[in-house]
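[1] Below are the sequence and a predicted model; questions follow.
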Amino acid sequence: MLNKYARAFFTRVLTPFAALLIRLGVSPDAVTLIGTGGVMAGALVFYPQGEFFWGTVVITLFVFSDLVDGNMARQLGRSSRWGAFLDSTLDRVADAAIFGGLALWYAGGGDSIALCAVTIFCLASGQVVSYTKARGESIGLPVNVNGLVERAERLVISLVACGFSGLHKFGVPHIDILLPVALWVVAAGSLVTLIQRVVTVRREAAEADAQPVAGGGNE
Ligand SMILES: CCCCCCCC/C=C\CCCCCCCC(=O)OC[C@H](COP(=O)(O)O[C@@H]1[C@H](O)[C@H](OP(=O)(O)O)[C@@H](O)[C@H](O)[C@H]1O)OC(=O)CCCCCCC/C=C\CCCCCCCC
Ligand SMILES: Nc1ccn([C@@H]2O[C@H](COP(=O)(O)O)[C@@H](O)[C@H]2O)c(=O)n1
Ligand SMILES: [Mg+2]
Ligand SMILES: [Mg+2]
């Protein structure tokens with residue numbers, strides 16, 4: 001949903017910045033790599049210590065690089081298969097760092113095995129949700145579904161909740177409840193999305209397999 005409705009807005013906002021980076025001689029691949037490195041650093045340095053506010057600030061500064069790199073490639077007329085592969089692969093790395101950092105917190109100072117498990121579920125289900133589409137497309141199916149909770153939703157729900165939960169350390173009472181609630185929402189939403197995508201791939205695969213093979217013996 002965000003991918004559909006918010007992308008156009010962010011494209012307008014980020015296009016001048018992407019153009020500036022191009023003028024400075026920065027490549028889209030460099031933006032992809034630096035953005036992922038920044039997200040990983042924010043997540044893996046701050047989150048395991050329970051520093052949710054500063055972790056989210058750092059991650060937010062870098063996560064928008066995922067919208068800037070493609071924008072730059074399109075402005076340059078240089079969208080490439082390599083760029084698409086690099087972008088999607090490093091998305092998985094960034095997501096693993098965000099939920100991995102949170103899981104480390106709950107396994108340590110956060111002291112909650114239940115929330116550690118929910119966070120690991122968010123990590124794993126998010127990766128599998130993305131894989132269903134990539135694998136379905138690789139076997140020639142359209143995978144004509146996005147589902148309830150795509151990557152943008154997973155990130156926005158988790159990061160907004162993390163950022164606000166971090167205000168607890170600055171004295172805002174009870175606000176830290178937002179993060180566990182968000183993790184449960186992302187976990188449940190990812191499960192629903194996974195089911196939506198698997199059902200779609202199963203239907204599309206059955207339809208494709210029922211088609212007569214071109215030039216082959218169905219007559
Ligand atoms: C007082 C509290 C202070 C709090 C501190 C700050 C809080 C800031 C909080 C949040 C900011 C969140 C920003 C998140 C931005 C996410 C942008 C992004 O990277 O989206 C990526 C997404 C997908 O891009 P791709 O096409 O490159 O990726 C594909 C995707 O990964 C597929 O995965 P799948 O969906 O299948 O699981 C893969 O299959 C595919 O391989 C891959 O290519 O991009 C978009 O979807 C575009 C839309 C982005 C919309 C961003 C909306 C941000 C909206 C609100 C920000 C809220 C700010 C609120 C601040 C509140 C603080 C006061
Ligand atoms: N280093 C890169 C990154 C991306 N691309 C191209 O952009 C598409 C992704 O667009 P986003 O707006 O989601 O970033 C991707 O599929 C590639 O075509 C690129 O070429 N090089
Ligand atoms: Mg990108
Ligand atoms: Mg991406």
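    That came through fine. If you're wondering where the values come from, they're calculated on a predicted model, not measured in any experiment. Numbers count the residues shown, from 1 in each chain. Ligands and ions are numbered 1, 2, ... in the order given.
[2] And the pLDDT at the residue nearest to the spatial centre of the chain?
    For the chain, residue 151 is the residue whose C-alpha lies nearest the centre (CA atoms, centre = their mean; 3.5 Å). For residue 151, the pLDDT comes out at 96.
[3] what's near enough to touch it?
    Counting by CB atoms under 8 Å, 6 or more residues apart in numbering, residue 151 touches 3, 91, 95, 126, 130. C-beta: built from backbone N, CA, C; applies to glycine.
[4] Now, those that are in helices?
    Taking DSSP state H, the ones among these that sit in helices are 3, 91, 95, 126, 130.
[5] Is it correct that residue 94 is in contact with residue 38?
    No: with contact taken as CB atoms under 8 Å, residue 94 and residue 38 are classed as non-touching, separated by 9.1 Å.
[6] who has more neighbours, the two?
    Neighbour totals were compared for residue 94 and residue 38, and residue 94 leads with 23 against 18 (other CB atoms under 10 Å).
[7] helix/strand/coil for the nearest residue to that one once chain neighbours are set aside?
    Excluding the flanking residues, the one nearest residue 94 by CB to CB, 6 or more residues apart in numbering is residue 39, at 4.3 Å. Assigned by DSSP: H, G, I helix; E, B strand; the rest coil, the conformation of residue 39 is helix.
[8] I figured residue 39 hits residue 96, correct?
    No: if you go by CB under 8 Å, residue 39 and residue 96 don't touch, sitting 10.2 Å apart.
[9] Neighbour count for these two, which is higher?
    Counted by other CB under 10 Å, residue 39 and residue 96 do not tie: residue 39 has more neighbours, with 27 against 18.
[10] how near is the more buried one to residue 7?
    Applying CB to CB, to the nearest Å, the value for residue 39 to residue 7 is 19 Å.
[11] next one: residue 69
    Residue 69 is 14 Å from residue 7, by CB to CB.
[12] Comparing those two, which shows the higher neighbour count?
    Taking other CB under 10 Å, residue 69 and residue 7 do not tie; residue 69 has more neighbours (27 against 13).
[13] residue contacts, that one?
    Contacts were defined as CB under 8 Å, 6+ apart; by that measure residue 69 touches 28-29, 31-32, 35, 83, 87.
[14] 6 Å - rerun?
    Residues in contact with residue 69 (CB atoms under 6 Å, 6 or more residues apart in numbering) are 28, 31-32.
[15] tell me the pLDDT at it?
    98.
[16] Sort out which residues of the strand or helix carrying it are buried, please.
    Assigned by DSSP states H and E, residue 69 belongs to helix 65-76. Going by neighbour count (16 or more other CB atoms under 10 Å), the buried part of helix 65-76 is 65-73.
[17] Same check on stretch 50-69?
    Neighbour-count burial for stretch 50-69 flags 50-56, 58-60, 62-63, 65-69 (criterion: 16+ other CB under 10 Å).
[18] hmm, it in reach of ligand 1?
    Yes: taking CB under 6 Å from any ligand atom as the criterion, stretch 50-69 and ligand 1 are in contact, through 56-57, 60, 63-64, 66-67.
[19] Buried residues, the helix of greatest length in the chain. List them.
    If you go by DSSP H, the chain has its longest helix at helix 178-210. Across helix 178-210, burial judged by 16+ other CB under 10 Å covers 178-180, 182-183, 185-191, 193-194, 196-197, 200-201, 204.
[20] Contacting ligand 1 as well, which ones from the residues you listed?
    Among those, not one lies near ligand 1 by CB under 6 Å from any ligand atom.
[21] Alright, I will stop here.
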